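Peer 1: this one's sequence-less:
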């Protein structure tokens, strides 16, 4: 199958999957189930690109394996985290604003928009299936390294936070241990790094033009649906979060600043 047909098939599949999820959301009255299928959407697109590729090379096997691992882990974690919690506050606010038109509005603005967005971001996965060069390059090694670092921050951060919240004594406290000691959002940082890794695999085949994918993902995580949105909520609900924010980087990991009592006099 040629490249354009492969891309078109992935878009149709993403739209079809999100349409089914939209129908389920109407039955459940819970639009936030769309978040569970974000990672699965990338795994689906990656699988289509792999199956429709001209030939299957080691790079192609590696990339489809990595995106499947990343996508399944993310979707299963969100499913576990949100189980029994009801509709996320972001979607409840949307539902309240649009009321009677929310059903149709959500199809276009929530479900189909996310389908198109994940399809756009997934293009490095498509380019990575290109048959040349057949052997691994330095960029492939860098891509694998970036994926490993990003996956460690994302999956490790989620695991550490889940363990922290499971302790009753931590109720109302702010998580500032492990990866969370160096960045307030290790999962978002890790997510961005993972996609820079996928870009490197695409660049190894000459697909430098797909750089818009990790840039877009990083901007979304930093300025739109990730850090900015969550920070506002945390500032409102957790007074101690302000102190944590003053000494810990929001996105890029770095050593935390000392508490005010430990800072040297000017």
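Peer 2: Received the coordinates, thanks. Just so we're clear, the structure is a prediction, and the values are computed from it rather than from any experiment. Residues are numbered from 1 along each chain as shown.

Peer 1: Let me see the contact set for residue 118.
Peer 2: 14, 38, 41, 42, 45 (Cβ atoms under 8 Å, 6 or more residues apart in numbering). (Each C-beta comes from the backbone N, C-alpha and C, glycine too.)

Peer 1: Go ahead and list the helix or strand containing it.
Peer 2: helix 113-121 (DSSP states H and E).

Peer 1: Identify all contacting residues around the next helix or strand after that helix.
Peer 2: Per DSSP H and E, helix 113-121 leads on to helix 123-127 as the next helix or strand towards the C-terminus. Residues outside helix 123-127 that contact it (Cβ under 8 Å, 6+ apart): 3, 6-7, 10, 42, 45-46, 49, 63-64, 67, 195, 198-199, 201-202, 205, 207, 210, 213-214.

Peer 1: mind listing which of the residues you listed are in helices?
Peer 2: Among these, DSSP state H puts 3, 6-7, 10, 42, 45-46, 49, 63-64, 67, 195, 198-199, 201-202, 213-214 in helices.

Peer 1: Could you double-check that residue 221 sits in contact with residue 227?
Peer 2: Yes - between residue 221 and residue 227 there is a contact under Cβ atoms under 8 Å: 6.5 Å.

Peer 1: quick revisit: give me the buried subset of the ones in helices among the contacts of helix 123-127.
Peer 2: Neighbour counting with 16 or more other Cβ atoms under 10 Å marks 6-7, 10, 42, 45-46, 49, 63-64, 67, 195, 198-199, 201-202, 213-214 as buried within those.

Peer 1: now the helices for the stretch 101-250 of the chain?
Peer 2: For the stretch 101-250 of the chain, helices defined by DSSP state H, counting those that start in this stretch occupy the ranges 102-106, 113-121, 123-127, 138-166, 186-203, 212-219, 227-237, 241-247.

Peer 1: Quick one: list the elements packing against the last one.
Peer 2: Right, helix 241-247. helix 227-237 (3 or more Cβ pairs under 8 Å, 6 or more residues apart in numbering; DSSP states H and E).

Peer 1: List the buried residues in the helix it packs on.
Peer 2: For helix 227-237, burial by neighbour count (16+ other Cβ under 10 Å) applies to 227, 234.
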